[in-house]
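Asker: Dropping a prediction and its sequence here:
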Amino acid sequence: MSEDKAPLSDERMQTMYRDMLRIRRFEETAFELFEQGEVVGGIHVSIGQEGCSVGACSTLNEDDAILTTHRGHGHSIAKGTRLPEMMAELLGKATGLCHAKGGSMHIADVSKGHYGAHSIVGSNMPMGVGIGLAFHFEGKGQVAVIFFGDGAANEGSFHESMNLAAIWKLPVIFFCENNHFASSTRVGYATSVADISARAGGYDIPGVTVDGMDVLAVHEVMVEAVDRARRGLGPSLIEAKTYRYFGHSRKDPQFGPYRTEEEWNEWKAKDPLLVAEKILGVSEEEKKAHDEAVENELKDALSFARQSPEPEPDDVYEDLYA
Amino acid sequence: MPELTYVEALNEALHEEMARDEKVFLMGEDVAFDYFGVCSGLADRFGRDRVRDTPICELGFTGAGVGAAMAGFRPIVDLRFMDFATYALDPIVNQAAKLRYMLGGQLSVPMVARIPSGAGLQYGATHGQSLEAWFMQVPGLKVLYPSCPSDAKGLLKAAVRDDNPVMFIEHRLLYAQKTKQDVPEGDYTTPIGVAEVKRAGADATIVGIGYQMGHCLEAAEALAGEGIECEVIDPRSLTPLDVETITASVRKTSRCVIVEEGHLRSGVGAEISAAIQEAVFEYLDAPIGRVAALMAPIPVQTKLEKFVLPSTEKVIAAVRKALGVSA
C-alpha cells in the first residue's frame, strides 16, 4: 500500500483520522489511569504528536519495521499494535505484550513489525540500522523506521547510525520528532543547528523538515523516503516539528520554568487532530462514528486489561534465556 | 584428527558456521583485511556483504548486530580489543542482554560478540584489559572463554548456534601460540556450561580461566615434581558456570586456588570462590586462594606489566599457601 503516490482514498483518510483519535484517546485514558495509580511504572504520553505517528506509519506495510522510544504509544498504535495487550502491559498484567516485564517504555508487538520501544535515548538507532541490514540481506524491499526525539539527535549513536546506514545504503528512515524539548532542555540550547534535518548533509543523504502537526504533509515526505529506501537508494532523515502538550513525565508540569502558556496555546491552535479533520475531510457525522468506535475499543481494551491476572513471582525467570 | 593452532581453530569454526547457515555473518573493523588470521579466507569465500568491514564505530556496529539478530540473523561482531567493548556497552548490556526478557519472549538476540582480550604485549592500560567479570554480572548474557584450540572451535560453533547473546572471549597471546592440538573435524561443538578437568589430582584444585590455563598447567607440572598433585579445572563457560564440577573437585582436595587475568576485586575468582564456599564450606581446609591482576591498570613497561599480571610462579605460590607448605 505504500508505494502509490496517487491521492489517498477516502477510506484511508478516514483510517488515518481514526488512528490519530485512537492514539489521542488511548493516551488520555492512560494518563488518567496513571494519575489514579493504576499504571505500573512511569509513562510518557505523546499527545500533540499524533500527526507524526500516523503520517509516518500510514506509509508502511505490516512487515516493515519500526523502533520507537520511551514516548512510543503513538507509534505503537499507528503500526497496528494490539490495544488490549498494550493496555494490559501498562497495568502490569501477565497478558501484556511483554508479560509485564517491559511496561510502557518497552512496548513491542513484533508480529506487527513493531520491534520495540527502547528507553535508552538513542539506543534504537544502531538497532534500526541492524534491522535495515537484515532487510538488505533478505532483499524483499522492507524498510525500517527509527523514531527518535530532538534529544537523541545529540547522542553519539545518531552519528554512528546515520553514517553506517548511509555508507551501506540501507533501507532505513531516521524519523526525528522534534517536540522542542529533551525533558526540560530546549532544542535551541542543546542543538547546533536550527533544523535537525540539516545534519543529513553531513552524511550525504536527503534531509527534510516537515510540519509534524499536519498528518498529510508527514505522510507525503514519508512516501518519498520509503520509496527511496525500497528501491535500494538508502536512508533519509525526516524531521517533523511538533510539540508535546504534556510534561515530560509525572513530576513535570504542563507549563513550568521551561515553557509558557502562550507558547503552548500557539501550538495547541495547530492541534494535529483539528488539522486532520479539515484536510482529511472528516464530517461531523463521521467524527461521531469514529468517537463511538474508539470509545468502545478502549473500553474493551481496558476491561481486558483489568480482568487479566498479574504475573506470579515464578515468572521472573521466564524468557530470560532462549 | 588434524592439529590446529588456536587461531586456525577459530578460523575453521567461522568457515564452517558461515557455510552451514546463510544467516550467519561477520562484521567489525578490518575483518576482511584480517589482522590476526582468525578471519583468514572468509571475505574471499563468502563475499564482502557477509564479511563486512565496518567504520570505527563499536557502538554502531554492535548495536546493528543486535538489530540484525532481532530480525532473525546470526551476526558475529568482532570487537578487536576488549577495551573497545566499553563503547558498545549499551547494545550489549542494555539491549542484547535484556530484549528477549523485556519484550516477553517475542524475539531473541542470537548474536556472538568476539572479544579479543588480555595483556602481555606491552599495549598498556587501554589495550590489555580482561573485563569478563563485568559481563558475568549481567543476566541475559552468556560468557565463554576457551583456553585451547579444540574448545576455541567447539565453543565458537556452539556460540553461533546458541539463541542467546554470547560474549566470546579470546586472548591475544593465545593468538600468538604456535602450539597445535588435535581438533575434531567437522560438525562438532563443545557444550556450553560444562567445565573440563584438564588434569586430575587429589591435593589441591586449581581453577584457571582462559589464557591463564597455561600458567595453571605449568604450575601443576612443577608442583607434581615436589609430590603435590593438583586437579586443574577449566570452566570454559563463565555464564552459565559449571559449579558442580568445581565443587566435586574441592570435595576431594579441600583446597582451591582460582586464577584469572582480570583484576582481583569483584572478579571471576570472587564469584567462583563464593559459589564454592556456599556449596562445600565444610570440606575446605584453607581459605580459597585467588591469583588475578593486581588492582592497578595494566602498565606498559615490561617489568611492571609482569608484576601486575598472574604468572606460573604466582600460581605455585598460591597453591603452596593453600597447602601450608613453603618453597
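Answerer: Great, that's in hand. Numbering: from 1, shown residues only, chains lettered A, B, ... in the order given.
Asker: so what strands line up beside the lengthiest strand in chain B?
Answerer: Longest strand in chain B, counting residues (DSSP state E): strand B:256-263. Strand B:256-263 has these partner strands in its sheet, going by DSSP bridges: strand B:204-208 (parallel), strand B:289-293 (parallel).
Asker: got the CA positions of it in CSV?
Answerer: C-alpha atoms of strand B:256-263 as CSV (Å, rounded to 0.1, in the frame of the first residue of the first chain):
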residue,chain,number,x,y,z
CYS,B,256,41.4,-24.4,45.9
VAL,B,257,43.1,-21.6,44.0
ILE,B,258,41.4,-19.6,41.3
VAL,B,259,43.4,-18.0,38.6
GLU,B,260,42.2,-15.3,36.2
GLU,B,261,43.7,-12.3,34.3
GLY,B,262,41.0,-9.8,35.2
HIS,B,263,41.5,-7.6,38.3
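Asker: that older thread, including mean pLDDT and mean neighbour count, could the strands paired with strand B:256-263 go into a markdown table?
Answerer: Placement of C-beta: from N, CA and C, glycine included. Compiled in a markdown table, the strands paired with strand B:256-263 are given as follows (pLDDT from 0 to 100; neighbours: other Cβ atoms under 10 Å in any protein chain shown):
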| stretch | mean pLDDT | mean neighbour count |
| --- | --- | --- |
| strand B:204-208 | 98 | 29 |
| strand B:289-293 | 98 | 23 |
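Asker: any chance of these in a markdown table, plus distance to residue B:88?
Answerer: Shown next, in a markdown table, are the strands paired with strand B:256-263 (distance: least, Cβ to Cβ, whole Å):
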| stretch | distance to residue B:88 |
| --- | --- |
| strand B:204-208 | 27 |
| strand B:289-293 | 22 |
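Asker: Among those strands, which comes closest to residue A:35?
Answerer: Evaluated with Cβ to Cβ, the strands paired with strand B:256-263 place strand B:289-293 nearest to residue A:35, the distance being 51.8 Å.
Asker: any idea how far the most centrally placed residue in chain B is from residue A:170?
Answerer: Centre of chain B computed as the mean C-alpha position; nearest residue by Cα atoms, centre = their mean is residue B:145, 1.8 Å away. According to Cβ to Cβ, to the nearest Å, residue B:145 and residue A:170 sit 33 Å apart.
Asker: Show the contacting residues for residue B:177.
Answerer: B:5, B:6 (Cβ atoms under 8 Å, 6 or more residues apart in numbering or on different chains).
Asker: Ok, which of the strands paired with strand B:256-263 comes nearest residue B:162?
Answerer: Nearest of the strands paired with strand B:256-263 (Cβ to Cβ): strand B:204-208, 23.2 Å.
Asker: so where's chain A shaky on pLDDT?
Answerer: A:1-6, A:250-251 (pLDDT under 70).
Asker: What ranges does it have for its helices?
Answerer: Along chain A, counting by DSSP state H, helices occupy A:10-35, A:50-57, A:73-78, A:83-90, A:124-138, A:156-167, A:187-190, A:215-230, A:261-268, A:272-280, A:284-307.
Asker: same deal with the stretch 201-327 of chain B?
Answerer: In chain order, the stretch 201-327 of chain B shows helices spanning B:213-224, B:243-253, B:268-280, B:302-308, B:312-323, with DSSP state H, counting those that start in this stretch as the criterion.
Asker: Nearest to chain A, out of these?
Answerer: Nearest to chain A among the helices of the stretch 201-327 of chain B is helix B:243-253; the distance by Cβ to the nearest Cβ comes to 16.9 Å.
Asker: buried residues in that closest one?
Answerer: Residues B:243, B:245, B:246, B:247, B:248, B:249, B:250, B:253 are the ones in helix B:243-253 that count as buried (16 or more other Cβ atoms under 10 Å in any protein chain shown).
Asker: hang on, the earlier thing: most tightly surrounded among the helices of chain A?
Answerer: helix A:50-57 (a mean of 30; mean count of other Cβ atoms under 10 Å in any protein chain shown).
Asker: and the angle from it to helix A:215-230?
Answerer: 30 degrees (axes from the mean of the first three to the mean of the last three Cα atoms, to 10 degrees).
Asker: now for helix A:50-57, which elements pack on it?
Answerer: Here helix A:50-57 touches helix A:10-35, helix A:73-78, strand A:144-149, strand A:172-178, helix A:215-230, strand A:236-241, helix A:272-280, going by 3 or more Cβ pairs under 8 Å, 6 or more residues apart in numbering or on different chains; DSSP states H and E.
Asker: now the ones you listed as TSV including distance to residue A:257?
Answerer: Shown next, in TSV, are those (distance: least, Cβ to Cβ, whole Å):
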stretch	distance to residue A:257
helix A:10-35	22
helix A:73-78	26
strand A:144-149	20
strand A:172-178	21
helix A:215-230	31
strand A:236-241	22
helix A:272-280	26
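Asker: how about the nearest residue to residue 216, chain neighbours excluded?
Answerer: No chain in the question, so chain A it is. Nearest residue to residue A:216, sequence neighbours excluded (Cβ to Cβ, 6 or more residues apart in numbering or on different chains): residue A:279, at 5.3 Å.
Asker: try chain B instead
Answerer: Spatial nearest neighbour of residue B:216, excluding adjacent residues (Cβ to Cβ, 6+ apart): residue B:208 at 3.4 Å.
Asker: What distance do you get for the residue nearest to the centre of chain B to chain A?
Answerer: 18 Å (Cβ to the nearest Cβ, to the nearest Å).
Asker: ok, the closest residue to chain A within the stretch 151-300 of chain B - contacts?
Answerer: For the stretch 151-300 of chain B, the residue closest to chain A is residue B:163, as judged by Cβ to the nearest Cβ, at 3.5 Å. Applying Cβ under 8 Å, 6+ apart, we find residue B:163 in contact with A:322, B:108, B:110.
Asker: I'd like the residues you listed laid out as CSV, including distance to residue A:242.
Answerer: Output for the contacts of residue B:163, formatted as CSV (distance: Cβ to Cβ, whole Å):
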residue, distance to residue A:242
A:322, 38
B:108, 34
B:110, 37
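Asker: who wins for most neighbours among the residues you listed?
Answerer: Counting neighbours by other Cβ atoms under 10 Å in any protein chain shown, the top entry in the contacts of residue B:163 is residue B:110, with 25 neighbours.
Asker: pretty sure that residue is in a helix, no?
Answerer: No - using DSSP: H, G, I helix; E, B strand; the rest coil, the secondary structure at residue B:110 is coil, not a helix.
Asker: That one: what's it in contact with?
Answerer: A:322, B:69, B:74, B:162, B:163, B:164, B:165.
Asker: these two touch, right, the third one and residue B:111?
Answerer: The one in question is residue B:74. Yes - counting by Cβ atoms under 8 Å, residue B:74 does reach residue B:111; the two are 7.4 Å apart.
Asker: which of the two has more neighbours?
Answerer: residue B:111 (30 against 22).
Asker: which residue packs closest to the more buried one, ignoring adjacent ones?
Answerer: Leaving aside its sequence neighbours, residue B:111 sits nearest to residue B:69 (Cβ to Cβ, 6+ apart; 4.2 Å).
Asker: now the helix or strand containing residue B:76: how far from the chain's centre is it?
Answerer: Assigned by DSSP states H and E, residue B:76 belongs to strand B:74-78. Relative to its parent chain, strand B:74-78 has a centroid offset of 16 Å by Cα atoms, centre = their mean, to the nearest Å.
Asker: So what's the model's average confidence on it?
Answerer: In this model, strand B:74-78 has a mean pLDDT of 98.
Asker: just to revisit the earlier point, quick one: the helices of the stretch 201-327 of chain B as CSV, columns for distance to residue A:284 too.
Answerer: Formatted as CSV, the helices of the stretch 201-327 of chain B follow (distance: least, Cβ to Cβ, whole Å):
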stretch, distance to residue A:284
helix B:213-224, 78
helix B:243-253, 70
helix B:268-280, 67
helix B:302-308, 78
helix B:312-323, 84
